[in-house]
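[1] predicted model, plus sequence, below.
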Amino acid sequence: MSWKTIDDLALAGKTVLTRVDINVPMDGDVVTDTTRIDKIRPTVEDIIVRGGKVVLLAHFGRPKGKVVPEMSLRHVLPALEKSLGRKVDFVERPSRSVIDSLPFDSVVLVENTRFTPMEEANDPEMARFLASLGDVFCNDAFSAAHRAHASTEGIAHLLPSFAGRLMEEELRALEAALGNPQRPVVAVVGGAKVSTKLELLGNLVSKVDHLVIGGGMANTFLVAKGIDVGKSLAERDMAPIALDILTKAKAAGCTIHLPVDVVVAAAFKAGAENKVAAPNACPPDQMILDAGPATVAALTKVFESCKTLIWNGPLGAFEIAPFDAATSNAARVAAALTKAGKLVSVAGGGDTVSALNHAGVAADFTFISTAGGAFLEWMEGKVLPGVAALHG
Ligand code: ADP
Ligand code: MG
């Protein structure tokens, strides 16, 4: 691959502008999930060990180009210092002389890049200003790489640039799963709607051997096949597009797997009375909320026949039991095959990651992408501007 890593540049004495994603969830002044902060640690340590000064560039929330005190990165300072085990100097108004005056073994954190509209506009003046603050640029924010902003894209054209450890890990895992994967490849695409994942489905049919369609979007495919799905979530106007995808898949030699049985209930409520039914036997006053056990058994066979799995979107309305069963059980099968060395498994997407955590198997997957939008756009086959700019 043509991008550089931390190992490819001499960093001693250099100020390394390091774009990270530390956009962590907060409850008042407390960071409720430090995952994103914890994940930048290898990059920070590796730069410092090589004699570089780490200057973190990051956004926080959606201040829409204005200074919003509640969205100051100042709030994440304590969690950052704790996770990195280092002093972090917060700089509200950065300048080269301020940054030069700070020591090499601490970390510098610059205020929210989105406090000016120039960031999201990818304004060349902002990129030039950011570039003037350091000597080299390290992008460790894969999850922000689908946006061409001054601190993710513009700056990379102005300084020698390289991928941080987390970015490197994401790119390698994704390349292994879709770029040049071990075949056969199965993709699982679930979730609520076809409309949000159209480009994804369209791209995947030409890349994978098996495409499993689950969740609410499977209902749309059932409708397209002339099946009445009662009160189920389905985008009836998308039926022609679903048929189109089926035709495209056939032409590309991709086998589509729809549910062979479903779980129906009158309401999406905890403890709602439910039963397993054939896909064409959803009562008119009920809705399909999950795939059934025969579907999971069929998926198990598909997973066993494949070497690579890529997964986005739950198979059912997993937030409420028992409609989490198909997602959890299929995830357990994938995790066990991965653990046995038989499958490379990569998953991503906000709800997908929480569904896999809920099933208790996230750690057994080969790779879980923490990037929501960037992961999806990458799966859609799009070029991520922040990654493209690293190719120099
Ligand atoms: P991700 O965030 O991983 O990309 P999505 O946001 O596309 O996933 O989809 C997740 C949502 O889909 C969940 O809220 C889940 O409840 C919903 N969903 C899945 N199956 C169904 C179904 N049969 N009926 C209604 N909602 C469903
Ligand atoms: Mg979601």
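    Looks like it arrived, so ask away. The structure presented is a predicted model; accordingly, all values stated were derived computationally and were not measured. Numbering: from 1, shown residues only. Ligands and ions are numbered 1, 2, ... in the order given.
[2] beyond the worst-scoring helix or strand of the chain on mean pLDDT, next helix or strand please.
    Taking mean pLDDT, DSSP states H and E as the measure, the chain has helix 373-379 as its least confident helix or strand, at a mean of 87. Per DSSP states H and E, the first helix or strand lying C-terminal to helix 373-379 is helix 385-388.
[3] read off the pLDDT value for the one residue in the stretch 201-350 of the chain that gets nearest to ligand 1.
    Taking CB to the nearest ligand atom as the measure, the point where the stretch 201-350 of the chain comes nearest ligand 1 is residue 349, at 2.7 Å. From N, CA and C alone the C-beta is placed, and that goes for glycine too. The score at residue 349 is 88. That number is its pLDDT.
[4] tell me which parts of the stretch 251-392 of the chain are close to ligand 1?
    Within reach of ligand 1 by CB under 6 Å from any ligand atom, the stretch 251-392 of the chain has these residues: 288, 289, 312, 313, 314, 316, 317, 319, 349, 350, 351, 352.
[5] quick one: the first one is in a strand?
    Going back to what we said before, that points to residue 288. Yes - secondary structure of residue 288, determined by DSSP: H, G, I helix; E, B strand; the rest coil: located in a strand.
[6] and it, how many neighbours does it have?
    28 (other CB atoms under 10 Å).
[7] all strands for the stretch 201-350 of the chain, in order.
    Counting by DSSP state E, counting those that start in this stretch, the stretch 201-350 of the chain has strands at residues 210-213, 255-257, 262-265, 274-277, 287-291, 308-312, 344-348.
[8] can you map out the helices along the stretch 201-350 of the chain?
    Here the stretch 201-350 of the chain has its helices, by DSSP state H, counting those that start in this stretch, at 215-224, 239-252, 293-305, 325-339, 350-359.
[9] most tightly packed of those?
    Of all these, helix 215-224 carries the top mean neighbour count, a mean of 25, counting by mean count of other CB atoms under 10 Å.
[10] that helix and ligand 2 in contact?
    No - using CB under 5 Å from the ion, helix 215-224 stays clear of ligand 2, with a minimum separation of 10.5 Å.
[11] helices or strands up against that helix?
    Secondary structure elements in contact with helix 215-224, counted by 3 or more CB pairs under 8 Å, 6 or more residues apart in numbering; DSSP states H and E, are helix 239-252, strand 287-291.
[12] one more time with 6 Å, if that's ok
    Other helices and strands packing on helix 215-224, by 3 or more CB pairs under 6 Å, 6 or more residues apart in numbering; DSSP states H and E, are helix 239-252.
[13] residue numbers of the stretch 251-392 of the chain in contact with ligand 2?
    For the stretch 251-392 of the chain, the contact set with ligand 2 under CB under 5 Å from the ion comprises 350, 351.
[14] verify the stated contact: residue 348 with residue 373.
    No - distance between residue 348 and residue 373: 10.0 Å, which falls outside the contact criterion (CB atoms under 6 Å).
[15] so these two - more neighbours on which side?
    Regarding residue 348 and residue 373, a neighbour count based on other CB under 10 Å identifies residue 348 as having more, with 28 against 15.
[16] listing request: residues of the stretch 1-150 of the chain with sub-threshold pLDDT.
    Within the stretch 1-150 of the chain, the ranges that satisfy pLDDT under 70 run 1.
[17] point me to the residue of it nearest ligand 2.
    The minimum distance from the stretch 1-150 of the chain to ligand 2, using CB to the ion, falls at residue 143 (14.2 Å).
[18] which residues does that residue contact?
    Each residue near residue 143 by CB atoms under 6 Å, 6 or more residues apart in numbering is listed here: 21, 371, 374.
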